[in-house]
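1. Just need the structure, nothing else, for what follows:
(one chain, ligands or ions: 1)
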Amino acid sequence: MGVKEVDVHMTVGNGATSYANNSAHQKIGISKAKYVLDESLKEMFADDGFPDCFKMVDLGCSSGPNTLSVVAQIIGTILRVRRLNNVDELPEMEVFLNDLEGNDFNNLFKLLPSFYKKLKEATGNEAIRCFVSGLPGSFYGRLFPSKTLNFVYSSFSLQWLSKIPEGLEDNKENIHMAMASPPGIFEAYATQYRRDFTTFLTSRGQEMVRGGRMVLTFVGRSVEDPSTRDDCAHFTLLASSLIEMVNEGLVKESDLHSFNMPIYTPSKQEVEGVIHNEGSFNLEKFEPFLVPWDAHVKHEDHTRGRISQLGAEGSVPDHIRGKLVSDFIRAYTEPVLASHFGSSIIDNLYGRYAKKLAEYLAREQPSFFNIIICLSKK
Ligand SMILES: C[S@@+](CC[C@H](N)C(=O)[O-])C[C@H]1O[C@@H](n2cnc3c(N)ncnc32)[C@H](O)[C@@H]1O
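-> Below is the predicted model:
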């Protein structure tokens, strides 16, 4: 089954369960990766100078506050580097926001007037000419004419595969590459990943100009052998919520047995191996960093006025942490699950999931193992 058939878009709109309102966790990851982004841009301009028109794309931009904040950050860096280098001319910028066709581009476009206004206020006389457009389509294939892109950015999108790998029939009660998966499952996932990441690099290799940079942040795996450590325990807990519902007759067993997430978390060696074998790029930087599952919880408490529910010492009770971690994982997994199991089970499923997450967070301090890489086009 292809990814489009299982509907890989984030939850649309501005509602309580939307990605736009539940992407504070990714925002923390984006800010941790900020210095790599800044350094990469500086190095690119130091090597090649400023182009007359700087063309960039955010691949898998989704729809929410994170999308345009990254563009604003890139513009800020360009202006700083330009001042440091005493460059008078301001480059024009063409920014493409890319995602799959089901993405909520309308919601994103509604944020543009305030983005342009803030940009003008922040940069005053230096207001940079920035032209933003939406670009629907899969990044596992060509999106641009040859040799036209200067810079490619992507955060928290590349862990999505182009399709569910073939050969997962034996992965019955698991919904991803879990520690309990039979051995052939790992290879089936890894094969799909190598194919997809190679296609991704070859497409960008054709679209980018020589010396152009690509900064990619994605969720990775801390160990080479996926059977030795469960870096995706959040999916294992989601699977156990589904098993519970099968046992209560609320979900069909055959539906559970035929469901697998089209997500892959590669190890350092796998990422390096594909880049080396594909051959279009040099790997300039590789920086792993951890973000706790509940890193966004304090932030969310403030933004949603949930302060009144804080515990005596100001700590956030486990049941609220469980709910807020469930909310953020729901915003990116709900469409895929709803298209397979039907939307009627969704509230019940994530209610159970929040409880399991709360119990887990009470005894463990889990983190996502994220990877940021910078590549330069040969
Ligand atoms: C978790 S969101 C990340 C959004 C945003 N970049 C951020 O950091 O907050 C992942 C996005 O990747 C998009 N995506 C997944 N596969 C894709 C593909 N093959 N081509 C383009 N976008 C894709 C999804 O639709 C989703 O919007």
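2. make it CA atoms for all contacts and neighbour counts henceforth
-> Fine.
3. near the ligand, which residues of this protein?
-> Proximity of the chain to the ligand (CA under 6 Å from any ligand atom) is limited to residues 8-10, 23, 26, 59-62, 66-67, 99-100, 103, 137-140, 154-157, 160, 162, 332.
4. out of those, which are inside strands?
-> Within these, residues falling in strands by DSSP state E are 59, 99, 154, 155.
5. Report how many residues lie close to residue 129.
-> Residue 129 has 15 neighbouring residues, counting by other CA atoms under 10 Å.
6. Tell me who's in contact with residue 60.
-> 97, 98, 99, 100, 139, 154, 155, 156, 157, 158 (CA atoms under 8 Å, 6 or more residues apart in numbering).
7. any chance you could map the strands in the stretch 251-378 of the chain?
-> 281-292, 367-377 (DSSP state E, counting those that start in this stretch).
8. Residue 53: which of those strands is closest?
-> The closest approach between residue 53 and any of the strands of the stretch 251-378 of the chain, judged by CA to CA, belongs to strand 367-377 at 18.0 Å.
9. If you count contacts, what does the closest one end up packed against?
-> helix 34-48, strand 208-219, strand 281-292 (3 or more CA pairs under 8 Å, 6 or more residues apart in numbering; DSSP states H and E).
10. Please identify the most buried of the ones you listed.
-> With neighbours taken as mean count of other CA atoms under 10 Å, those reach their highest mean count in strand 208-219, at a mean of 23.
11. And stretch 254-271, what's buried?
-> Within stretch 254-271, the residues that qualify as buried are 256-268, 270-271, counting by 16 or more other CA atoms under 10 Å.
12. one step back: farthest-separated two in the ones in strands among the residues of the chain next to the ligand?
-> The span of those, defined through CA to CA, is set by 99 and 155 at 11.7 Å.
13. now the helices: where do they sit in the stretch 201-350 of the chain?
-> 233-247, 253-257, 268-278, 297-303, 318-341, 346-363 (DSSP state H, counting those that start in this stretch).
14. same deal with the stretch 1-150 of the chain?
-> For the stretch 1-150 of the chain, the helices defined by DSSP H, counting those that start in this stretch occupy 3-6, 24-32, 34-48, 65-84, 105-110, 112-123.
15. so can I have CSV of the ones you listed showing mean pLDDT and distance to residue 226?
-> Converted to CSV, the helices of the stretch 1-150 of the chain look like this (pLDDT from 0 to 100; distance: least, CA to CA, whole Å):
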stretch, mean pLDDT, distance to residue 226
helix 3-6, 45, 23
helix 24-32, 72, 23
helix 34-48, 88, 27
helix 65-84, 84, 30
helix 105-110, 91, 36
helix 112-123, 83, 42
